[in-house]
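Trainee: Model the structure of this input:
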Amino acid sequence: MTNTMTVAALVAHGPPERAFEMQKRPVPVPGDNQVLIKVEGFGLNYADVMARLGIYPDCPDLPAVLGYDVVGRIERVGAAVANLRSGQRVVAFTRFGGYAEYAIAVEHGTAAIPDQMPAGKALALATQYCTAYYCAEEMLRMQPGDHVLVHAAAGGVGTALVQLARRRECIIYGTASEHKLGYLAENGVHHPINYRNVDFVREVANLAGERGLDVIFDPVGGRNTKRGLKLLGSGGRMVLFGASRMSDAKGVFSKLRVASSFGLYHPISLMKDSKSIIGVNMLRIGDNRPWVLQRVLTEVVRLAAGGELNPHVGKTFAFSEIAQAHDFLASRQSIGKVACMVEG
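Mentor: All right, here's what the predicted structure looks like:
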């Protein structure tokens with residue numbers, strides 16, 4: 001095995017063509033509870049875009065290697081690894097470091113996958129499908145007939161949330177731009193909504209009627225959150241797992257305006273109306289509840305291998321096209337998972 005590897009390092013905040021630099025670095029050595037993976041492909045997530053723009057607080061100091069999820073074969077296992085072995089094809093969380101030819105992952109964030117599973121589909125199972133599963137199955141329980149709104153329903157997490165809501169026989173509303181509405185309908189959304197041309201609050205209120213919504217999944221944040229809360233009926237729950245609206249803000253004051261537009265909520269008002277706001281950050285779950293992350297990852301791999309979940313790959317790029325891949329994801333033209341292939 002070679003002693004050096006190529007990485008796509010984030011060296012500056014800003015446009016992707018100036019933000020990334022291909023560098024040579026030593027191949028990392030796995031710790032006791034870690035595995036070293038020879039990377040076949042890695043995924044892009046919207047948090048990567050926010051990190052590139054300098055507005056993602058968990059991003060390491062620059063120069064940094066981004067990347068939350070990889071697919072590949074285990075090259076080496078740490079001394080304390082019990083359930084994985086060299087040569088296994090796996091999907092894994094990398095907690096940064098995924099934009100590389102080799103990556104380190106902890107055992108609880110790694111799961112074996114079938115050799116025949118396409119790399120792009122497998123990549124979606126890590127950050128995106130695990131986030132969706134944790135939001136939809138661990139933090140709440142959807143019931144048949146529930147009215148569920150999924151924002152950014154054509155994205156990787158949105159695609160997964162729609163499929164999970166469909167499994168629970170829910171009535172599904174989904175927001176996306178015009179050219180993605182057909183995809184939403186194909187994936188199981190009963191009421192696709194073009195959020196750019198239609199006021200989603202008015203549209204959902206007209207469709208759902210006085211009963212209101214049971215669940216809202218919101219990765220957008222800002223005013224979207226404040227307005228959406230009014231759509232919840234009694235017992236309704238809103239799950240927040242992102243703030244993509246922040247990436248549109250330019251400058252400190254603009255970001256403060258977006259932050260303030262989330263609104264202020266007092267526990268008494270939530271209790272009085274019997275509504276819930278749930279925040280999800282999968283980094284915190286991985287750091288502090290690793291057994292939960294392992295359970296969720298194992299389950300989404302099982303469901304995908306059995307055909308109950310079907311990740312959609314919107315586009316794949318070569319490793320050397322990392323800037324183009326970032327441009328494509330940031331443009332919000334993507335549907336499903338965006339991935340970069342390192343091998344083949």
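
Trainee: now the helices: where do they sit in the stretch 1-150 of the chain?
Mentor: Here the stretch 1-150 of the chain has its helices, by DSSP state H, counting those that start in this stretch, at 16-19, 46-52, 119-125, 127-133.

Trainee: Does the first one pack against any helices or strands, and if so which?
Mentor: This points to helix 16-19. Contact here means 3 or more Cβ pairs under 8 Å, 6 or more residues apart in numbering; DSSP states H and E; on that basis helix 16-19 packs against helix 322-330. No exception for glycine: its C-beta is placed from N, CA and C like everyone else's.

Trainee: partner strands of whichever helix or strand comes after the helix it packs on, parallel or antiparallel?
Mentor: For helix 322-330, the following helix or strand on the C-terminal side (DSSP states H and E) is strand 337-341. When pairs are called by DSSP bridges, strand 337-341 turns out to pair with strand 34-44 (antiparallel), strand 313-318 (parallel).

Trainee: Just the angle for strand 337-341 relative to helix 322-330, thanks.
Mentor: Interaxial angle of strand 337-341 relative to helix 322-330 (axes from the mean of the first three to the mean of the last three Cα atoms, to 10 degrees): 170 degrees.

Trainee: got the contact list for strand 337-341?
Mentor: For strand 337-341, the surrounding residues in contact (Cβ atoms under 8 Å, 6 or more residues apart in numbering) are 40-44, 99, 119-121, 123-124, 128, 156, 311-319, 321-322, 325, 328-329.

Trainee: related to what we said a few turns ago, could you dump the strands paired with strand 337-341 into a markdown table and include mean pLDDT, mean neighbour count and distance to Glu186?
Mentor: Formatted as a markdown table, the strands paired with strand 337-341 follow (pLDDT from 0 to 100; neighbours: other Cβ atoms under 10 Å; distance: least, Cβ to Cβ, whole Å):
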| stretch | mean pLDDT | mean neighbour count | distance to Glu186 |
| --- | --- | --- | --- |
| strand 34-44 | 96 | 25 | 22 |
| strand 313-318 | 92 | 18 | 13 |
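
Trainee: Nearest to Tyr173, out of the ones you listed?
Mentor: Evaluated over the strands paired with strand 337-341, closeness to Tyr173 peaks at strand 313-318, with 21.5 Å, by Cβ to Cβ.

Trainee: Please report the distance of the most centrally placed residue in the chain from Ile55.
Mentor: For the chain, the residue sitting closest to the mean C-alpha position, by Cα atoms, centre = their mean, is Gln128 at 3.4 Å. According to Cβ to Cβ, to the nearest Å, Gln128 stands 20 Å off from Ile55.

Trainee: And Ala185, by the same measure?
Mentor: From Ala185 to Ile55 the distance is 33 Å (Cβ to Cβ).

Trainee: cool, Gln23 as well?
Mentor: Taking Cβ to Cβ, one finds Gln23 at 24 Å from Ile55.

Trainee: before we move on, back to that, weakest of the helices of the stretch 1-150 of the chain in terms of mean pLDDT?
Mentor: Note on the helices of the stretch 1-150 of the chain: helix 46-52 shows the lowest mean pLDDT, a mean of 90.

Trainee: packing partners for that one?
Mentor: Under the contact rule (3+ Cβ pairs under 8 Å, 6+ apart), helix 46-52 is packed against helix 322-330.

Trainee: For the helix it packs on, list the C-alpha coordinates in CSV.
Mentor: Only the C-alpha atoms of helix 322-330 are listed here, as CSV (Å, rounded to 0.1, in the frame of the first residue of the first chain):
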residue,chain,number,x,y,z
ILE,A,322,-14.7,18.6,-6.9
ALA,A,323,-15.2,22.3,-7.7
GLN,A,324,-17.8,21.5,-10.4
ALA,A,325,-19.6,19.1,-8.0
HIS,A,326,-19.8,21.9,-5.3
ASP,A,327,-21.1,24.3,-7.9
PHE,A,328,-23.8,21.9,-8.9
LEU,A,329,-24.9,21.2,-5.4
ALA,A,330,-24.9,24.8,-4.4
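
Trainee: average pLDDT for it?
Mentor: For helix 322-330, the mean confidence score works out to 92.

Trainee: what do you get for stretch 195-214?
Mentor: 90.

Trainee: now swap in stretch 21-33 and tell me
Mentor: Here the average pLDDT along stretch 21-33 is 95.

Trainee: Show me which positions of that stretch end up buried.
Mentor: Going by neighbour count (16 or more other Cβ atoms under 10 Å), the buried part of stretch 21-33 is 27, 30.

Trainee: Cool, thanks, talk later.
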